[in-house]
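Peer 1: please find the sequence and the predicted model below.
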Amino acid sequence: IVSGSGDNSLIIWSAKSGLPLGTLEGHTKIVSCCTFSPDGNFILSASADRTLILWDTGSGDKHRQLRAHFDVILSCSYNADGSRIVSNDKRTM
């Protein structure tokens with residue numbers, strides 16, 4: 001389980017115990033969306049800082065950071081096979 005936080009981080013949680021397993025830090029404003037890739041190898045996060053970050057779940061490192069929006073990003077998702085991502089901001093609703 002992964003959740004976005006008001007302190008600009010993501011928290012990875014154990015589905016069994018409900019306890020936090022780790023924190024990912026890299027956004028400079030509140031995290032508005034986060035999701036695992038279909039294969040579980042990556043986490044995609046979106047933020048009010050107008051960036052998307054692709055995280056490696058094995059290492060916790062940033063795999064890629066995308067600055068592709070002009071406003072707060074509201075949502076993000078993968079397609080079914082994980083080969084593409086989609087996101088929208090306040091201006092493109």
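Peer 2: Received the coordinates, thanks.
Peer 1: OK, contacts around D49?
Peer 2: 8, 27-29 (Cβ atoms under 8 Å, 6 or more residues apart in numbering). In short, each C-beta sits where N, CA and C put it, glycine included.
Peer 1: now flag whichever of the residues you listed is closest to G60.
Peer 2: H27 (14.2 Å; Cβ to Cβ).
Peer 1: what's the closest non-adjacent residue to the closest one?
Peer 2: S47 (4.0 Å; Cβ to Cβ, 6 or more residues apart in numbering).
Peer 1: any weak-confidence spans in this structure?
Peer 2: Residue ranges of the chain with pLDDT under 70: 93.
Peer 1: what does the residue lying farthest from the centre of the chain show for phi and psi?
Peer 2: Here the chain reaches farthest from its C-alpha mean at S17, the gap being 22.2 Å by Cα atoms, centre = their mean. Phi and psi for S17, reported as degrees, to the nearest 10, are phi -90, psi -20.
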